[in-house]
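**Q** heads up, no residue letters with this:
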């Protein structure tokens, strides 16, 4: 068969080779971004001030970093924070009417009650807030000349009087008064060169920003300004960049790009429009405040958070596992080479003397390979497998850390449009339908179907998160149904297992909890985030424990025992009544709820970084009946099957044609009704209050449509099912290696090409999620062994390790 045969190529398209390719892609981008940092620097302030682009319509995106949108309250909080820690804010704007416009925009944002622009022109302005130690000045100095020199001289002599930030610029006034003469341009160059040492002398305590001149809209200019052309402005800007190049002065060129993109908003053709001015002020505030405030969606000019001792210890342990794994790999290769005889033919001939080996030879099996493996003990193999798994995990966690705890890779703000949301959604769903296959199962909610359901829901949730679609209420409410569906499936699946097999042992409990929580616990240690940060895992883990307690409580009820003693059905119903009752009581008293969940030592599992339980209360109450509803559905389905009221053991329809059409019509009405509700409810608060009581309607409706037809029930999408198998890893890993800044932004590996960047980061992200799933399957065998003695030992070790961490975090 030719090497170029398509069938031969398809053989190599698998998850293993995809992950190998992903490794090389990551290494390539590490090198690429390393070169970018060497040539352009790693200072995101320079990125903020120098470059950017418009995402869609009138949404400015700085190059390589995220810009927080400061409100008046945010800006005042920033200034108060600086004042609280003994700092002071003194910002000086020096220049002409364009710089004065920036001054007014800045002051009006930090204090909306401040008077509007003063009608008196060509004079200095001052704003002061004694309470938060804020001084903002505008100094009228439209040209670079002796007047501007005199402004800097006192600051050069008295360091204490120097401002925090100087925003200055000049050019258009010189063009106007000289009628765009070349002599004035030469004077401008000389004077700016003379001014440069004065500005440099104020750094690093003072940040000096030189604002490049914005382009003008010629047709809107007053006749007295007709000599101010964009050609002249470009000439002056070029001269300023040449003079200030390699200096300590920050060249602010992004405001020019913003004004150029929003030129239609200009009223007089010279000054920025309202939107452009707002972006310019936002850029200035992001530069000044981000490093103090640490907003999640503001990474520009923000330093990475410091590494904690716990992070160092965690990465050290993972690093040791890497070293041990590397040493064992080298040792194995050395042993393998040593064990191989010099004469391969003699070795094969010697092995033929044994009938067992002769049998293997007839079957075409490798004799020497089996001989080498037989020399290795089971314990050594297990230790090797565990160490290599931990080493691979260490590499993955290092990538997580670099992506979201450093500024090595870039980050950008999310940007929502309906096209951005629905286009990839439509494409991926078409792809999912293309890979439809026949399932070997016929039951309602069989494994292939539930994995498919989880898969397409996870894909939709990922697109929802990346595009920032939560701002659209109908989309938000439909995503809420998907999260509810996950919990419903969790309740259905686990209850069905307990009910059918009667496995109520602690091995099952710890195995499931480990699979759910392994990645989250590692991320909490490596990324310095609380357990509640990854809200879905605490939620599904909590409800699994509640379910386990419910089914394990006496009397224990299983399908065989209930069939033998129908009275047990009544006891099971009582358990459901008790479960729904306890949940309702907790919901009715938020105070009682908080007292339970803020009790030590488990308080740390339910509070956020700021010691608040509000997030857990919100997540818990909005889906408080979802798991119980899944359990109840599973119980009812088992009874219907047990008494032969429902037969899903064949590939036919569940009911007659008439009943099927009626049920399908009712299901469509149910889905449509929820969609109408999502569109007509007025705000998230009202929608979320109603959601727990009606969320079962679209879920049941989908179940009916998906299962009532034998044809649809026995078909499934391999594409969606594959993603569903790793849905938990996808949901958690997206926080740091697909999204960024703890889900508030988007990771950028390919700057300037958002579509290509989405494809590249998605490929790497999916490969890593799949690898984590594989590693979890390996590690769970050693951490949660079947032997109860080793299980107790490992659980005890785990809790002992939690003690010092808990003491550090105030759990005890």
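**A** All right, it came through fine. What you see is a predicted model; the values in this text were computed from it and never measured.

**Q** going forward, measure contacts between C-alpha atoms and count neighbours the same way
**A** Noted.

**Q** next, count neighbours for the residue nearest to residue 550 when sequence neighbours are not counted.
**A** Excluding its sequence neighbours, the residue lying closest to residue 550 (C-alpha to C-alpha, 6 or more residues apart in numbering) is residue 575, at 6.8 Å. Residues near residue 575, counting by other C-alpha atoms under 10 Å, number 17.

**Q** ditto for residue 482
**A** Counted with other C-alpha under 10 Å, the neighbours of residue 482 add up to 22.

**Q** where does it fall, phi/psi-wise?
**A** Dihedral pair for residue 482: phi -70, psi -40, per degrees, to the nearest 10.

**Q** and it, what does it touch?
**A** By C-alpha atoms under 8 Å, 6 or more residues apart in numbering, the residues touching residue 482 are 457, 461.

**Q** helices and strands of the protein: which one bottoms out on pLDDT?
**A** helix 355-362 (a mean of 43; mean pLDDT, DSSP states H and E).

**Q** got a pLDDT number for the closest residue to residue 745 other than its chain neighbours?
**A** Take residue 745 and drop its neighbours on the chain: the residue closest to it by C-alpha to C-alpha, 6+ apart is residue 413, 4.7 Å away. For residue 413, the model assigns a pLDDT of 94.

**Q** ok, residue 413 touching residue 744?
**A** Yes: contact between residue 413 and residue 744 holds when scored by C-alpha atoms under 8 Å: they sit 7.2 Å apart.

**Q** and the two? which has more neighbours close in?
**A** Counting neighbours by other C-alpha under 10 Å for residue 413 and for residue 744 shows that residue 413 has the greater number, 29 against 22.

**Q** contact partners for the more buried one?
**A** Going by C-alpha under 8 Å, 6+ apart, residue 413 touches 61, 65, 66, 67, 297, 744, 745, 746.

**Q** want to throw those into a markdown table with distance to residue 545 and pLDDT?
**A** Formatted as a markdown table, these follow (distance: C-alpha to C-alpha, whole Å; pLDDT from 0 to 100):
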| residue | distance to residue 545 | pLDDT |
| --- | --- | --- |
| 61 | 44 | 94 |
| 65 | 41 | 94 |
| 66 | 39 | 95 |
| 67 | 41 | 95 |
| 297 | 35 | 91 |
| 744 | 31 | 93 |
| 745 | 33 | 94 |
| 746 | 34 | 96 |
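
**Q** let me know the closest of those to residue 550.
**A** Here the nearest of these to residue 550, counting by C-alpha to C-alpha, is residue 744; it sits at 37.4 Å.

**Q** okay, now the residue nearest to the closest one when sequence neighbours are not counted: neighbour count?
**A** The shortest distance from residue 744 to any residue that is not its chain neighbour, by C-alpha to C-alpha, 6+ apart, is 5.4 Å, and that residue is residue 297. The local packing of residue 297 (other C-alpha under 10 Å) involves 23 other residues.

**Q** with residue 673 instead?
**A** Residues within reach of residue 673, counting by other C-alpha under 10 Å, total 15.

**Q** buried residues in the host helix or strand of it, which are they?
**A** Secondary-structure element containing residue 673, defined by DSSP states H and E: helix 657-680. For helix 657-680, a neighbour-count test (16 or more other C-alpha atoms under 10 Å) marks 660, 663, 664, 667, 668, 670, 671, 674, 675, 677, 678, 679 as buried.

**Q** now the two most distant members of these.
**A** 660 and 679 (28.8 Å).

**Q** and the helices in the stretch 201-350 of the chain?
**A** 230-244, 254-261, 274-293, 309-339, 344-351 (DSSP state H, counting those that start in this stretch).

**Q** got it, and the stretch 401-550 of the chain?
**A** Along the stretch 401-550 of the chain, the stretches classed as helices by DSSP H, counting those that start in this stretch are 418-434, 447-467, 473-501, 506-527, 536-552.

**Q** where does the stretch 101-250 of the chain have low pLDDT?
**A** Counting by pLDDT under 70, the ranges of the stretch 101-250 of the chain that qualify are 115-120.

**Q** rerun that using 50 as the cut-off
**A** For the stretch 101-250 of the chain, applying pLDDT under 50 flags no range at all.

**Q** same check, this time on the stretch 301-450 of the chain
**A** Per-residue confidence of the stretch 301-450 of the chain (counting by pLDDT under 50) places the weak regions at 343-344, 350-369, 371-375.

**Q** tell me which of the helices of the stretch 401-550 of the chain lies nearest to residue 224.
**A** Taking C-alpha to C-alpha, helix 418-434 is the member of these nearest to residue 224, at 45.2 Å.

**Q** tell me what the closest one is packed against?
**A** helix 447-467, strand 715-717, helix 718-725 (3 or more C-alpha pairs under 8 Å, 6 or more residues apart in numbering; DSSP states H and E).

**Q** residue 747 in helix, strand or coil?
**A** strand (DSSP: H, G, I helix; E, B strand; the rest coil).
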